[in-house]
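Novice: the sequence isn't on hand, but the structure is:
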């Protein structure tokens, strides 16, 4: 029986090809930092970026970056005494890393939506992950780290019962209790040892975004978008106290070892330390420049590292008794700073559909070349709109890619949604290809880019028709993913030649890519329909067809230039004076034809605007005709 | 009939959208129509059909009892039309405002004629004049018929508006003559079809669609008039000194009681200076949403009463659950589509007056495959979206979404939904007040008209209108457009309002009669009534209504008005040529739950109630 339901589970989703235009080494966070972890033994700080990269710092010094995620990294947990790192990302995966060497050991694809939070039970080496798919999965780290390419099955227990998207998760070191916070506005508790649902705690009036459980599992602190922090007694299932020190949502919480103080941060950019024995006794640790996303203690617990939706990470001294007694003022400067980079916040694709003008959070404007996957010009802090205006060219090329800025870097998607990746044809001359035998030879941008991206996978092309005109840097990440869905494979362009990578690509590269980059798909030229009408000044005796008669509808490739159209007029529409004169069809362009006129003497107009001979039909249609109806061009003979 | 799946909130644009959708079928239909008209034989058949129908009515005429108001006959599948006409006729303020719109149209036209006599370069002026209006689809084809003497060529929408008024004039005349003959609104139907070709053909149509098109036609007429006046300010020098229609005093009473409360807590009379100085724009802006500028210009010529009385504003507030930034989008609307939700367990009887708030003011979570593209995060995130009403119109039309399109075609949902006679306002500010400790100052809305759909499917169904029996005297009191300038005094204005609070026919018994002893329509206790009441106003045959009350009293075996609150309203069941008075009790029974019933309220008209001074 036919399954009529659209989007059935079995239907394979379309696969898109994406690339991230980045530098060979991205040493600074480009965007906000969602999570922090400290390895006290080596005094290394791990930071999880919205730019999809986890970075490792030793004090303020950049050590290395860990790149394998393809979307925001939302949470990280350092385990096994600092040897391994677990990360959760909006690419819906959980990854296991060798923390010291910085490589990804395995990827867990059990979640079906963004993975938002992790929780760690140190004594049991157990990690829990939860996210917007409402599920919580428990993982045994020793099993995860033992996974290999051949032994890649892992069993997980899931904690059932959550009715809404989970935004926060916490577990005590002994793993006797796990708490989740969700848009249900309630806390839910389970016993991770038995996976039994324990109870639900109601009290907040909005999403719960931060949680801490005490070591013994008897107390819990929750931070909510309702602006409050609630201190719970898990034994009695009651609220001990509600702390209202923030003026906006609470997004991050830390508790001191014995649950005597809580440190909180949130949307109001403030970090506040509150005495849990007397909640009216609190000190503002610092005021950040952006909403606070995460905090972690330094090794000596005398200061906190703070990450925000800005890319810089700062370390601030925590208040002491003296500060609480208001004997000493808090310092106004951080004690350490890991400076962040700028995120691209604005991107405008130029009319040539090849260059992108961007503006970043520092106000810098830059120009990128999509075909070469690199920045080609840094314009500094100039006016974005002015630059955009200056670069306006009256050229029309179809859209062939999508741009995405979620990581703060330019990500180019091919084959996404309705955008036809092979719709952009330009002449080799316009594409800047010099060593082509025929400058009018048409090249396809989508095909050129795909060829460059898969250059090393497919091997050297021998067919001159398909020779490579452009190449992209080897460090460019190439991502294959389901449209609007999960990542299937991420690999650097330069690594595609490797045996393992080659095999994986053979499995994942979609057919639409393979068939198109191998075929010479000239039959896919886009057509324009148009009419040619003689201007009233053209003498009737020159016309082969009565001017009163409706002219034939013509069809041509959309990149045909006015010069070609003029040739057509000269050959087919103008006679030598008598309307029935035969044999004028074989006239050569630029040489006087039977009627004695040259191509230069044919002037084309559209909507009363004179057209340049080098202008193509699609540009005329888009910028001068400005309508989706069939184009009408007028021609007249001028004396030169 | 075609049903468009409405979105949660219908917009003004919806009108033009649906027009576009119909375009193709329209063209086909039009073609057929021309063919029909070309064939005299066919036309004859058509005519016979109507005649046949009419003779049927006459046969039934003996059975028909006296009617409390003029009635409309069914011309073959035209109950959708009749139900909407009955409804608009009894919708508060509508008749009065329509009358003045027609008056203004005539005035502007005559001014142009005078202007024509004076100036020589007229040809160009006409072009400019018709220019802007020609952009709208319905007014594109200017009619020449019947308007040869008019200087301004009439648009089709204007003809609809005029024919509607003419129809109301005719109904008024019939009522004055105590005629019981049902009237055929042929000319009006023809005008509607000319302007909106989806109503061509003799098929049953969606009453909701007709209502939406009609309101849009009248709104457009107002706009055209306003444009004309705007383009030729010189022309309307005298006209500009015209006083505004003081409809505000009926709707906009809330502000006044607040002030009153400050001054004198014990007074029950909603008197205040603001009302007397009603045209002061600052006071009005102070009291109503900033969008509606009640400034004097609005209520002069070209005053768009449709926009003012029927248009509300929705507010969609979306909060990204990641960065928690909020974006708001506002959209105007003419009616609110209400999803039919099963109320069995969710709503108890006590909460009935809150039912539509629960259905309309909603919070939705954008998640899974339907995530929200947050501009701040530059990515798809989960979000919560609230649908609120920044402004609810004076006359709120609720369209119950009884017709759903599925793979099986259009299906009717017969689920019972209570129709409370009074509901609480669910606009944003009223909902907010709910949360605060301060006394609840919510607006309330009172049911004034209902269009019922009977039958299992849209095509085979029948429409009946229920309207609150009222001649809406309060609409006509102290109409400043009908009076010499400056004659309006605060006291008379207020008095009239109080006097006219009761809408009962005077014969209903002494209990109903105001202590001031109201007796005449035209001038009451020094309150001047707008002359338009004698042009197209409703004149209820009170004897008929009284009889029906007596009948009902006999039926229940006790005096209805001694057992029920004396100020209860009477209702009229308008089923084409049969109009029958109902007591509120009987009306409630009609609306009440009946197992397996396919007679379902479809369009509900709620009128904003003036605030009552609370102690």
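Specialist: That came in fine, so what should we check first? Small disclaimer: the values here were computed from a predicted structure and weren't measured.

Novice: phi, psi of residue 73?
Specialist: Let's take chain A. As for residue A:73, its main-chain torsions (degrees, to the nearest 10) stand at phi -90, psi 120.

Novice: you looked at the wrong chain, it should be chain B
Specialist: Torsion angles, degrees, to the nearest 10, at residue B:73: phi -100, psi 160.

Novice: leaving out sequence neighbours, find the closest residue to it.
Specialist: Of all residues not flanking residue B:73 in the chain, residue B:182 sits nearest, at 3.5 Å (C-beta to C-beta, 6 or more residues apart in numbering or on different chains). Heads up, the C-betas are built off the backbone N, CA and C, glycines and all.

Novice: likewise for residue A:543?
Specialist: residue A:534 is the one closest to residue A:543 (C-beta to C-beta, 6+ apart), at 5.8 Å.

Novice: from residue A:638, how far off is that neighbour?
Specialist: Distance of residue A:534 to residue A:638, computed by C-beta to C-beta, to the nearest Å: 13 Å.

Novice: neighbour count: those two, which is higher?
Specialist: residue A:534 (20 against 12; other C-beta atoms under 10 Å in any protein chain shown).

Novice: on that earlier part again, who's in contact with the residue nearest to residue A:543?
Specialist: A:543, A:547, A:573, A:634, A:635, A:636 (C-beta atoms under 8 Å, 6 or more residues apart in numbering or on different chains).

Novice: let's verify the last one: helix, strand, or coil?
Specialist: The one in question is residue A:636. Assigned by DSSP: H, G, I helix; E, B strand; the rest coil, the conformation of residue A:636 is strand.

Novice: now do the contacts for residue A:40.
Specialist: Taking C-beta under 8 Å, 6+ apart as the test, what residue A:40 contacts is residue A:299.

Novice: how near is it to chain B?
Specialist: 30 Å (C-beta to the nearest C-beta, to the nearest Å).

Novice: helices of the stretch 401-550 of chain A, start to end?
Specialist: Secondary structure of the stretch 401-550 of chain A (DSSP state H, counting those that start in this stretch): helices located at A:445-453, A:455-458, A:499-508, A:511-518.

Novice: next, the angle helix A:445-453 makes with the helix-or-strand element of chain A with minimal mean pLDDT.
Specialist: In chain A, the helix or strand scored least confidently by mean pLDDT, DSSP states H and E is helix A:511-518, which has a mean of 80. For helix A:511-518 against helix A:445-453, the angle by axes from the mean of the first three to the mean of the last three C-alpha atoms, to 10 degrees is 90 degrees.

Novice: excluding chain neighbours, what is closest to residue B:460?
Specialist: In space, residue B:460 is closest to residue B:204, 7.5 Å off (C-beta to C-beta, 6+ apart).

Novice: wait, that neighbour touches residue B:458, no?
Specialist: Yes - if you go by C-beta atoms under 8 Å, residue B:204 and residue B:458 touch, sitting 7.3 Å apart.

Novice: list the residue ranges of the stretch 451-600 of chain A that fall below the pLDDT cut-off.
Specialist: A:459-468, A:519-523, A:575-595 (pLDDT under 70).

Novice: now it against chain B: closest residue?
Specialist: Across the stretch 451-600 of chain A, the shortest distance to chain B (C-beta to the nearest C-beta) belongs to residue A:484, at 7.1 Å.

Novice: run a quick neighbour tally on that residue.
Specialist: 13.

Novice: residues in chain B within reach of chain A, list them.
Specialist: Residues of chain B lying close to chain A (C-beta under 8 Å from any C-beta of the partner chain) are B:321, B:323, B:324, B:365, B:367, B:368, B:369, B:377, B:378, B:379, B:382, B:384.

Novice: where do the strands sit along the stretch 101-250 of chain A?
Specialist: A:103-108, A:115-121, A:126-131, A:136-140, A:157-159, A:166-171, A:178-182, A:186-191, A:196-202, A:208-213, A:219-224, A:229-233, A:238-243, A:250-255 (DSSP state E, counting those that start in this stretch).

Novice: so which of those strands is nearest residue A:527?
Specialist: Residue A:527 lies closest, by C-beta to C-beta, to one member of the strands of the stretch 101-250 of chain A: strand A:103-108, at 44.8 Å.

Novice: which of the residues in that closest one are buried?
Specialist: A:104, A:105, A:106, A:107, A:108 (16 or more other C-beta atoms under 10 Å in any protein chain shown).

Novice: ok, now stretch A:448-459?
Specialist: Those would be A:448, A:449, A:450, A:451, A:452, A:453, A:454, A:455, A:456, A:457, A:458, for stretch A:448-459 by 16+ other C-beta under 10 Å.

Novice: what do you get for stretch A:538-550?
Specialist: Quick answer for stretch A:538-550 (16+ other C-beta under 10 Å): A:538, A:542.

Novice: what is the end-to-end distance of that stretch?
Specialist: Taking C-alpha to C-alpha, to the nearest Å, the first and last residues of stretch A:538-550 lie 16 Å apart.

Novice: if we can go back for a sec, and the residue nearest to residue B:73, how many neighbours does it have?
Specialist: 24.

Novice: so it sits against residue B:71, correct?
Specialist: Yes - the pair residue B:182 / residue B:71 is scored as a contact, 4.5 Å apart, by C-beta under 8 Å.
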